[in-house]
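*Asks:* take this sequence and fold it.
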Amino acid sequence: MRIEIFSALAMLTLTSYANATTLGVSVSNLDEFNSTLLRGLITHANDAGGVDVVTTDAKGDGELQKKQVAELVARKVDALIVLLADGDLAAQLTPIAFGAGIPLVYVNNVPANVLDLPPNQAVVASDEKQSGFLQAKEVCRLLNGRGNVAVLIGEPFHAAARARTEDVDDVLATPECNGLKVVERQTAYWSPDFAEAQVQEWLTAGVEFDAILANNDDMALGAIRALKHSASTKDVIVAGIDAIHPALEAMKAGELAVTVFQNAAAQGAGAVDAALKLAQGQKVPRENDIPFELVTPQNVDQYLANSQ
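*Replies:* As a prediction, the model looks like this:
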């Protein structure tokens, strides 16, 4: 297998098989979760045999991602796999790939135009109606349905961030959880540093909360750092989503109460399978689901053992 990682300025080329199927992969950025997804994708492509992988990193920049996808199309890859920097960007990428006759698989971040995708395009992701729901229901259980909660949102235009936040609102509207009140919600851009700063700001302002629900584990870890630096002795429940290894370690240490396993490696592998089928002219369902799973201190060991 050949793996190439390139940006607008640099390109690295490794070994190649002759007559291999070439998959062009564009990731929004290489944070902990996306890196896990990419490793799973590459491992599965390697196991498939005769597959070359060309990978670009958009570094969170939608315009750069659009340019990189156009470059992959110009290289005449056999299929594209895209982890969107912005769900709305798909409206521009879909016609680029379709016009060139190149199959396209969106992975992880469901595109805003999902219902309008042509037959040679598909989505491999986890149903976000499950993620925030599982997270919020467990927090509700831990708080016995009463208390103040704060919400850390990923990115305003990211489909997963919107869905996970709406899931929290839906759970809090149920009779058994309507004693919970959202006292703060702010965007922290999936970042532990932004999350730490935001939680510190809440603490400095005297905002009182019993739980913090973060749209992902990185932000949950940032919240934990802020709480550690706080003079308050109040126990705050911190919940994340994704079950990345550092979050599982934090749960084992008693710092993180809840996370939800999103199988990044399985998403990457599923995207490879879909892309290869489409490249061979086979039909693939428009939406392909990789289920979420609730992770708590009671079952964390099984996820920790498989997280590296």
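
*Asks:* which residues touch the helix or strand encompassing Leu37?
*Replies:* According to DSSP states H and E, Leu37 maps onto helix 32-48. The contact list for helix 32-48 (CB atoms under 8 Å, 6 or more residues apart in numbering) reads 1, 3, 23, 25, 27-28, 30, 51, 53, 55, 81, 83, 107-108, 216-218, 242, 244-246, 262, 264-269, 271-273, 276. Placement of C-beta: from N, CA and C, glycine included.

*Asks:* let's see 6 Å
*Replies:* By CB atoms under 6 Å, 6 or more residues apart in numbering, the list of residues contacting helix 32-48 from outside reads Met1, Val27, Val51, Val53, Asp242, Ile244, Ala264, Ala265, Gln267, Gly268, Ala269, Val272.

*Asks:* if you count neighbours, what's buried in it?
*Replies:* Residues of helix 32-48 classed as buried: Glu32, Phe33, Asn34, Thr36, Leu37, Leu38, Gly40, Leu41, Ile42, His44, Ala45 (neighbour count, 16 or more other CB atoms under 10 Å).

*Asks:* which pLDDT value belongs to the first one?
*Replies:* Translated: Glu32. What the model reports for Glu32 is a pLDDT of 85.

*Asks:* that older thread, closest to Val151 among the buried residues of helix 32-48?
*Replies:* Relative to Val151, the closest of the buried residues of helix 32-48 is Phe33; by CB to CB it sits at 18.9 Å.

*Asks:* for Ala70, see how far away the closest one is.
*Replies:* From Phe33 over to Ala70 the distance is 26 Å, taken as CB to CB, to the nearest Å.

*Asks:* can you check Ala250 too?
*Replies:* Distance from Ala250 to Ala70, by CB to CB: 40 Å.

*Asks:* so between the two, which is more surrounded?
*Replies:* The neighbour comparison of Ala250 against Ala70 (other CB atoms under 10 Å) goes to Ala250, with 21 against 15.

*Asks:* state the pLDDT value of the closest residue to that one other than its chain neighbours.
*Replies:* In space, and not counting its chain neighbours, Ala250 is closest to Leu256: 4.2 Å by CB to CB, 6 or more residues apart in numbering. On pLDDT, Leu256 comes in at 98.

*Asks:* same thing with His158?
*Replies:* pLDDT, His158: 84.

*Asks:* quick check: it vs Leu84, distance?
*Replies:* Using CB to CB, His158 is found at 8 Å from Leu84.

*Asks:* likewise Val27?
*Replies:* For Val27, the distance to Leu84 - CB to CB - is 9 Å.

*Asks:* same drill for these two, tell me which one is more crowded.
*Replies:* Taking neighbours as other CB under 10 Å, Val27 and Leu84 compare with Val27 leading, 27 against 24.
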